[in-house]
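Enquirer: What follows is a predicted structure for the sequence shown.
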Amino acid sequence: AVIGVPQSDGQPLGGCEYGAAILRDRGLLEQLAVQGHLVNDDGDITHEERSGSSPTSYSSSGRVIKNAWSVGQTAQKLFERSLALRSNGQLPVVLGGDHSIACGSVAAALAADPNVGVLWVDAHADINTPDSSLSMNMHGMPLSFLMGLVDPSTVAGFEWMANVPVLQPHRLVYVGLRDIDEAELVIMRSLGITAFTMHEVNAFGIQNVMAQAMGQLVGNNASTLHVSWDIDAVDPTWAPSTGTSVLGGLSLTEATHMAEVVAATRCLASLDMVEVNPMLG
């Protein structure tokens, strides 16, 4: 089931709200069908527009968490839609939109299987809290909400997350990191999160990296797997149309190998593709 989430409130640039539309326009549904999948286009999540009357949330130092209410409300709709589709035996393929939408898609994966493994493919760690973030943009914070580093009851729009199972550090693996904030590095080290930066990918090869990643996330237990793929993980030579590109990323061959390894596990239960911005590049 393909779901579009036309939201860009989690970051400052316009355009990624059109990502889902262009992926459909360029033949995603047809490509999936040709490969033998039964494909249902489940339409778009209605994005909750921010307004002057929308509640405002602040960090402990008094800084505004940008567009928290609209991001949280849209994520809740995605959470509910994804859970319903999964209960109907479908695999949600979520097309963003910015990466803050993962609050909804990964929360649904956790609600369906609290032991789900999460493969986070990204140039950025996205684990800032409202107190550590330099930009206060929510596309850099989804993992802090999903891992219980933020009390969702204190952030307008995210109250619904209070009853969602928390993502445990050993159930998360990063691949492709190369632009990490200092505060994020402290968080990641304190939690013992497995992270394969591009340094490790280049040093050990994508085959070895993915063997270790899948060994941790699915291993012999055949746990379900959620993949959250930010297109900026791929080098801008191959994927220039995104607002946060960083040189030195995954090659097209490496990205394809990762997809093939995930498919071979037969554990994939849900998938995000985010931060495609057709207005750039």
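Expert: Looks like it arrived, so ask away. Remember, it's a predicted structure, so these values are computed and weren't measured experimentally. Numbering: from 1, shown residues only.

Enquirer: so where's the stretch 1-150 of the chain uncertain?
Expert: Along the stretch 1-150 of the chain, the parts satisfying pLDDT under 70 run over 52-53.

Enquirer: mind listing the strands for the stretch 51-200 of the chain?
Expert: Using DSSP state E, counting those that start in this stretch, the strands of the stretch 51-200 of the chain run over 93-96, 117-121, 172-177, 194-197.

Enquirer: where do the helices sit along the stretch 51-200 of the chain?
Expert: 68-87, 102-112, 142-146, 182-191, 198-204 (DSSP state H, counting those that start in this stretch).

Enquirer: Output those in TSV; the columns should cover mean neighbour count and distance to residue 158.
Expert: For every residue, glycine as well, the C-beta is placed using N, CA and C. Converted to TSV, those look like this (neighbours: other Cβ atoms under 10 Å; distance: least, Cβ to Cβ, whole Å):
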stretch	mean neighbour count	distance to residue 158
helix 68-87	22	4
helix 102-112	27	7
helix 142-146	27	6
helix 182-191	15	19
helix 198-204	16	31
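
Enquirer: ok, residue 234 to residue 188 distance?
Expert: 22 Å (Cβ to Cβ, to the nearest Å).

Enquirer: hang on, the earlier thing: the helices of the stretch 51-200 of the chain: which one's closest to residue 279?
Expert: helix 68-87 (19.6 Å; Cβ to Cβ).

Enquirer: Verify the stated contact: residue 61 with residue 131.
Expert: Yes. At 6.7 Å, residue 61 counts as touching residue 131 under the criterion of Cβ atoms under 8 Å.

Enquirer: Please say which of the two ends up with more neighbours.
Expert: Between residue 61 and residue 131, residue 131 has the larger neighbour count (other Cβ atoms under 10 Å), namely 13 against 7.

Enquirer: related to what we said a few turns ago, redo the helices of the stretch 51-200 of the chain as CSV? Include distance to residue 18.
Expert: Output for the helices of the stretch 51-200 of the chain, formatted as CSV (distance: least, Cβ to Cβ, whole Å):
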stretch, distance to residue 18
helix 68-87, 15
helix 102-112, 19
helix 142-146, 21
helix 182-191, 28
helix 198-204, 28
